[in-house]
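S.K.: A structural model of the following input is requested.
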Amino acid sequence: MAGRAAALLVAVLGAGAAGLSLEPVVWHTGNRRFLEAGGYVLYPQIGDRLDLVCPGGGAYEYYKLYLVGGAQARRCQVPPAPTLLLTCDRPQRDVRFTIKFQEFSPNLWGHEFRRQHDYYIISEP
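M.R.: Numbering: from 1, shown residues only. Have a look, this model is predicted:
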C-alpha cells in the first residue's frame, strides 16, 4: 500500500438481527487481507458497524481514505469531488472511523447504504 492505493470492497447485504460490530480494518501495509486473491471484501448487514483504523506508532503510514464508486476503485482513482472518510495523519496514536451501515442517517453528513449494493473504500498516500 505504500506509494499506491489500496481498496476495500464492502458488499452490503440485507438487514441483520441486531447489528454486529465487525472486525476492525487496520489500514496498513502489514495487513495481509489487502493482498488476498480477490482483495479485501466484507459482507456487512444493514445495522452492522465497521471501524477503519490507522494504527499509530512504528513506521507510520499516511493515507486519506475515500468512499468511491466501482469504476474509480478499479482504476484506483479518487474522483474530483471525493467523499473523504478518514485522514491518517496522527502518528502518535491510533485514528479510528466507525461506519454504521444504515439505510437512513439522522446525521446530515452521515452515510447511507442500500441493500444489495457494493461500496468501495480506497486510499492514497
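S.K.: Look at L85 and say how many residues are nearby.
M.R.: 17 (other Cβ atoms under 10 Å). (Each C-beta comes from the backbone N, C-alpha and C, glycine too.)
S.K.: Tell me where this protein has strands.
M.R.: Under the criterion DSSP state E, the chain contains strands at 7-12, 25-26, 40-42, 49-54, 63-68, 83-88, 95-100, 117-124.
S.K.: What is the fourth one packed up against?
M.R.: If contacts are counted by 3 or more Cβ pairs under 8 Å, 6 or more residues apart in numbering; DSSP states H and E, strand 49-54 sits against strand 25-26, strand 83-88, strand 95-100.
S.K.: pLDDT on the last one, on average?
M.R.: When pLDDT is averaged along strand 95-100, the result is 92.
S.K.: any idea which of the strands of the chain is most buried?
M.R.: strand 63-68 (a mean of 21; mean count of other Cβ atoms under 10 Å).
S.K.: Can you list the strands that it pairs with?
M.R.: Using DSSP bridges, strand 63-68 pairs in its sheet with strand 83-88 (antiparallel), strand 117-124 (antiparallel).
S.K.: quick one: contacts of the longest one?
M.R.: In this structure, residues lying in contact with strand 117-124 by Cβ atoms under 8 Å, 6 or more residues apart in numbering are 1, 5-12, 27, 52, 63-70, 72-73, 76, 78, 85, 88, 113.
S.K.: That strand versus strand 49-54: what angle between them?
M.R.: Strand 117-124 runs at 10 degrees relative to strand 49-54, counting by axes from the mean of the first three to the mean of the last three Cα atoms, to 10 degrees.
S.K.: picking that back up, how about the strands of the chain in TSV, adding distance to F34?
M.R.: Shown next, in TSV, are those (distance: least, Cβ to Cβ, whole Å):
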stretch	distance to F34
strand 7-12	8
strand 25-26	9
strand 40-42	5
strand 49-54	13
strand 63-68	12
strand 83-88	14
strand 95-100	17
strand 117-124	10
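S.K.: sorry, back to before: right, and the strands paired with strand 63-68 - which one's nearest G39?
M.R.: strand 117-124 (9.7 Å; Cβ to Cβ).
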